[in-house]
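**Student:** Take this sequence and fold it.
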Amino acid sequence: MKSRPQVNGERLLKRLDDFAAIGATQAGGVDRQALSLEDRNARAVLADLAAKRGFSVFQDAMANLFIRREGRSPGGAPFLIGSHLDSQPTGGRYDGALGTLAALEVLETLEDAGAETDAPIELVAWTNEEGSRFAPGTMGSMAFSLGHIPQHWRETRGTDGLPLGDALAATLEALPTAERRALGFPILGYLELHIEQGPSLEKENIPIGIVTGVQGTRWLEVTVTGQAAHAGTTQLAFRRDPMVAVTSALHTLYKTIMPGDEAARLTVGRIAAYPGSINAIPGSVNLTIDLRHPSADHLNTFEAQVLAGFQAAAAGHGCSVDIRKTFDMSPASFSKTVIGGLEQAARHLGLPFKHMVSGAFHDALYVAKVAPAAMIFVPCRDGLSHNEAEYVEPEHSVAGAQMLLQSTLDVLAKVAENS
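**Tutor:** Model prediction:
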């Protein structure tokens with residue numbers, strides 16, 4: 001390709017506004033949860049935009065939506081670019097949508113330029129990345145990497161009580177013009193543009209993050225059991241208070257895990273006392289712990305620290321403890337070939353960049369299990385995400401789309417060299 005096509009920034013920014021209106025909240029955010037009516041409406045608009053440009057539209061059994069721009073060899077395995085359209089209940093307008101609409105802009109820019117690519121390029125909008133209505137998250141990319149939908153998912157009920165199977169069927173039926181295709185077909189690779197969801201790019205005034213991998217995540221559910229008793233009549237010597245044991249253990253963990261390792265993350269997202277009466281010592285306390293780190297060995301160490309900390313605290317206060325692992329996602333490293341293409345693209349465009357490890361997990365994590373993959377980050381204001389105030393400067397949205405376009409072309413060239 002002799003000249004470098006330029007994305008239409010005005011078109012992209014208008015699309016971001018248009019899609020933000022689908023499921024818009026009064027506070028300026030988006031409520032477009034997976035497989036909801038709003039999600040189906042957004043998919044329909046995306047499919048209609050694609051059809052008007054002459055692109056082919058497909059869905060697989062997980063309602064992953066694909067938009068294909070054909071290459072020189074019709075029918076060949078595609079290179080995927082995209083993200084997701086679903087949001088948190090009080091989400092922002094850029095998380096997922098920027099990557100999806102930037103991918104559409106890549107296809108349209110190539111079409112506007114009359115540019116031919118050796119391989120087909122496909123936009124993908126993955127189903128249920130967020131996991132806010134149906135758990136777990138990243139269902140679409142996970143099922144794609146597995147090549148099937150786990151049977152127990154269909155009976156999973158959303159926060160509104162609707163089974164996933166029913167919501168999935170309704171979503172597939174709502175887009176009858178999309179041709180059905182197999183789940184988990186061969187692809188050449190995958191690129192995903194996303195907002196950083198952290199403050200480092202903005203603070204360092206760097207427009208592009210090249211994501212080299214995703215840190216591992218481990219979720220633990222902890223239950224400390226003591227003895228319920230009267231709040232006013234039970235003296236200290238006779239108390240078996242699980243809340244005291246929990247706060248003692250957390251005090252130790254908060255002072256050691258994150259302060260001792262800047263890459264470590266420890267979060268207590270939920271905590272509840274039972275029976276939950278204001279004038280009773282709780283009989284038990286239940287909490288969740290989210291551990292994250294780029295190293296699996298470090299995660300093992302942290303998990304052992306959590307176990308030892310709670311066992312010691314519980315024993316010291318006449319309580320027992322039960323710890324159950326509910327989620328374990330290993331750290332992942334992205335393809336060096338794709339990362340090399342990203343570095344080359346940033347240099348072609350004169351865009352400063354830094355290498356990063358993603359603290360959140362994304363669809364790219366699962367696609368990387370079946371094909372070369374990587375991610376591009378752009379800054380978001382104050383690192384704020386999963387929030388209605390989420391914001392990306394217009395110039396960063398456009399630069400991210402241009403980076404996605406150039407990266408797609410450069411990565412495809414590198415993939416061809418290595419094939």
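**Student:** just the helices in the stretch 201-350 of the chain please.
**Tutor:** Taking DSSP state H, counting those that start in this stretch as the criterion, the stretch 201-350 of the chain contains helices spanning 242-256, 296-316, 336-349.
**Student:** so what does the first one touch, helix or strand wise?
**Tutor:** Yep, that's helix 242-256 we're talking about. Secondary-structure packing of helix 242-256 (3 or more C-beta pairs under 8 Å, 6 or more residues apart in numbering; DSSP states H and E): strand 216-225, strand 271-274, strand 284-293, helix 296-316. For the C-beta atoms, the positions are set from N, CA and C on the backbone; glycine is no exception.
**Student:** Give me the contact list for it.
**Tutor:** Counting by C-beta atoms under 8 Å, 6 or more residues apart in numbering, helix 242-256 makes contact with 222, 224-226, 266, 268, 271, 273, 281-285, 287, 305-306, 309-310, 312-314, 316-317, 319, 321, all of which sit outside it.
**Student:** Please check those residues and keep the buried ones.
**Tutor:** Under a neighbour-count criterion of 16 or more other C-beta atoms under 10 Å, the subset of these counted as buried comprises 222, 224-226, 266, 273, 281-285, 287, 305-306, 309-310, 313-314, 317, 319, 321.
**Student:** circling back: compile the helices and strands packed on helix 242-256 into TSV and extend it with columns for distance to L13 and mean pLDDT.
**Tutor:** Supplementary listing: these in TSV, determined by distance: least, C-beta to C-beta, whole Å; pLDDT from 0 to 100:
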stretch	distance to L13	mean pLDDT
strand 216-225	33	96
strand 271-274	41	97
strand 284-293	33	97
helix 296-316	40	98
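**Student:** Quick one, grab the pLDDT at the closest residue to A119 other than its chain neighbours.
**Tutor:** Taking C-beta to C-beta, 6 or more residues apart in numbering, and ignoring the residues beside it in sequence, A119 has G71 as its nearest neighbour in space, at 4.6 Å. Among the per-residue scores, G71 shows a pLDDT of 94.
**Student:** State the number of residues packed around G71.
**Tutor:** Here the count is done by other C-beta atoms under 10 Å, and G71 has 19 residues near it.
**Student:** Was I right to think it contacts A115?
**Tutor:** No - between G71 and A115 there is no contact under C-beta atoms under 8 Å: 10.6 Å.
**Student:** Point out where the protein drops to low pLDDT.
**Tutor:** Low-confidence regions of the chain, defined by pLDDT under 70, span residues 1-3, 419.
**Student:** Let me see the domain layout of it.
**Tutor:** 9-214+332-418, 216-329 (automatic domain parsing).
**Student:** Single out the most deeply packed of those domains.
**Tutor:** Per residue and on average, the most neighbours among the domains of the chain fall to domain 9-214+332-418, with a mean of 20 (mean count of other C-beta atoms under 10 Å).
**Student:** residue contacts, the spatially most central residue of the chain?
**Tutor:** With distances taken as C-alpha atoms, centre = their mean, the chain has H362 as the residue nearest its mean C-alpha position (3.2 Å). The neighbours of H362, taking C-beta under 8 Å, 6+ apart as the test, are 83, 129, 138, 192, 194, 214, 375.
**Student:** what's near enough to touch the fifth one?
**Tutor:** With contact taken as C-beta under 8 Å, 6+ apart, H194 is in contact with 83, 95-96, 98-99, 362, 375-378.
**Student:** Among these, name the ones in helices.
**Tutor:** Using DSSP state H, 98-99 are the members of the contacts of H194 that sit in helices.
**Student:** ok, the contacts of H194 vs H293, which is closest?
**Tutor:** Using C-beta to C-beta, H362 is the member of the contacts of H194 that sits closest to H293, with 17.0 Å.
**Student:** Distance of the closest one relative to E303?
**Tutor:** Distance of H362 to E303, given as C-beta to C-beta, to the nearest Å: 23 Å.
**Student:** Then P242?
**Tutor:** From P242 over to E303 the distance is 21 Å, taken as C-beta to C-beta.
**Student:** what's the answer for I187, then?
**Tutor:** Distance from I187 to E303, counting by C-beta to C-beta: 34 Å.
**Student:** I'd like the secondary structure assignment at D18, please.
**Tutor:** With DSSP: H, G, I helix; E, B strand; the rest coil as the basis, the three-state label of D18 is helix.
**Student:** show me the contacts for it.
**Tutor:** Under the criterion of C-beta under 8 Å, 6+ apart, the contact partners of D18 comprise V45.
**Student:** how near is it to I208?
**Tutor:** As judged by C-beta to C-beta, D18 and I208 stand 25 Å apart.
**Student:** Spatially, what comes nearest to R157 if we skip its sequence neighbours?
**Tutor:** Using C-beta to C-beta, 6+ apart and skipping the chain neighbours, the partner closest in space to R157 is P163 (5.6 Å).
**Student:** Run through who's touching stretch 226-238.
**Tutor:** Surrounding stretch 226-238, the residues in contact under the criterion C-beta under 8 Å, 6+ apart are 239-242, 245, 275, 278-284, 317-319.
**Student:** And the residues you listed, which two are furthest apart?
**Tutor:** Spatially, the most separated pair among those is I278 and G318, at 22.4 Å (C-beta to C-beta).
**Student:** Please name the bridge partners of the nearest residue to G96 once chain neighbours are set aside.
**Tutor:** By the measure of C-beta to C-beta, 6+ apart, the closest residue to G96 outside its immediate chain neighbours is H84, 4.0 Å from it. Here H84 sits in beta bridges with W126, as judged by DSSP bridges.
**Student:** List the contacts of H84.
**Tutor:** 96, 99-100, 125-130, 140, 363.
**Student:** Same question for L193.
**Tutor:** Counting by C-beta under 8 Å, 6+ apart, L193 makes contact with 81, 83, 98-99, 102-103, 375-376, 378, 400-401, 403-404.
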